[in-house]
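Asks: structure here, sequence nowhere to be found:
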């Protein structure tokens, strides 16, 4: 049974109903409506069904033409790859999202998180020079994210201050 027909909780059901109403009343080209249908089916990702989520996002990418909307789809594909531990793939999708929408702080934040993780891994492997390079890269992405969303990413702001990287 398709996910859209088996929404189990109240929030999923409400979201589906509102989305269906919007699809009927907002003037959209048929392809845009179909793309939105795939994109709105995010419950697969939230339930950890990443293969199904990726299929939905790839189909939405095939149908969606608006660069801004595509940026969010690409960002969500990056999230799935991050959840799967596929950081290189995730970065590719975050960068694609940022190419289409440079004002996407969550993509910058997630890119910084992956860079920070790379720094931590380098420390564990006894490579402090590589760790510093990763951490410096993380700092650059976090500063960009914070500039776009100053009230967000408080932990990143604290890390930047503690490590002396804030405002370099």
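Replies: That came through, no problem. Worth saying up front: this structure is predicted, and the values here are computed from it rather than measured.

Asks: use CA for all of it now, contacts and neighbours both
Replies: Noted.

Asks: got the residue ranges for the helices in this protein?
Replies: In the chain, the segments counted as helices under DSSP state H are 10-25, 30-40, 43-46, 50-63, 67-83, 87-100, 105-124, 128-148, 154-162.

Asks: how about those in TSV, adding mean neighbour count and mean pLDDT?
Replies: Shown next, in TSV, are the helices of the chain (neighbours: other C-alpha atoms under 10 Å; pLDDT from 0 to 100):
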stretch	mean neighbour count	mean pLDDT
helix 10-25	13	59
helix 30-40	18	60
helix 43-46	16	68
helix 50-63	19	86
helix 67-83	22	93
helix 87-100	20	97
helix 105-124	21	97
helix 128-148	20	97
helix 154-162	14	96
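
Asks: my guess is residue 135 meets residue 113, correct?
Replies: No: counting by C-alpha atoms under 8 Å, residue 135 sits too far from residue 113 to count as a contact (9.5 Å).

Asks: who are the contact partners of the residue in the chain sticking out farthest from the centre?
Replies: Here the centre of the chain is the reference, and by C-alpha atoms, centre = their mean the most remote residue is residue 126, at 30.5 Å. Residue 126 makes contact with no residue, according to C-alpha atoms under 8 Å, 6 or more residues apart in numbering.

Asks: pick out the residue nearest the middle of the protein.
Replies: Nearest residue to the geometric centre of the chain (C-alpha atoms, centre = their mean): residue 75, 3.5 Å.

Asks: quick one: that residue and residue 99, what's the gap?
Replies: With the distance defined as C-alpha to C-alpha, to the nearest Å, residue 75 ends up 11 Å from residue 99.

Asks: which residues sit against stretch 82-90?
Replies: 77, 78, 79, 80, 81, 114.

Asks: what about 10 Å?
Replies: For stretch 82-90, the surrounding residues in contact (C-alpha atoms under 10 Å, 6 or more residues apart in numbering) are 45, 48, 50, 74-81, 91, 93-94, 96, 107, 110-111, 114-115, 117-118.

Asks: do the same with stretch 159-168
Replies: 135-136, 138-140, 142-143, 153-158.

Asks: try it again with 7 Å
Replies: Contact partners of stretch 159-168, identified using C-alpha atoms under 7 Å, 6 or more residues apart in numbering, comprise residue 139.
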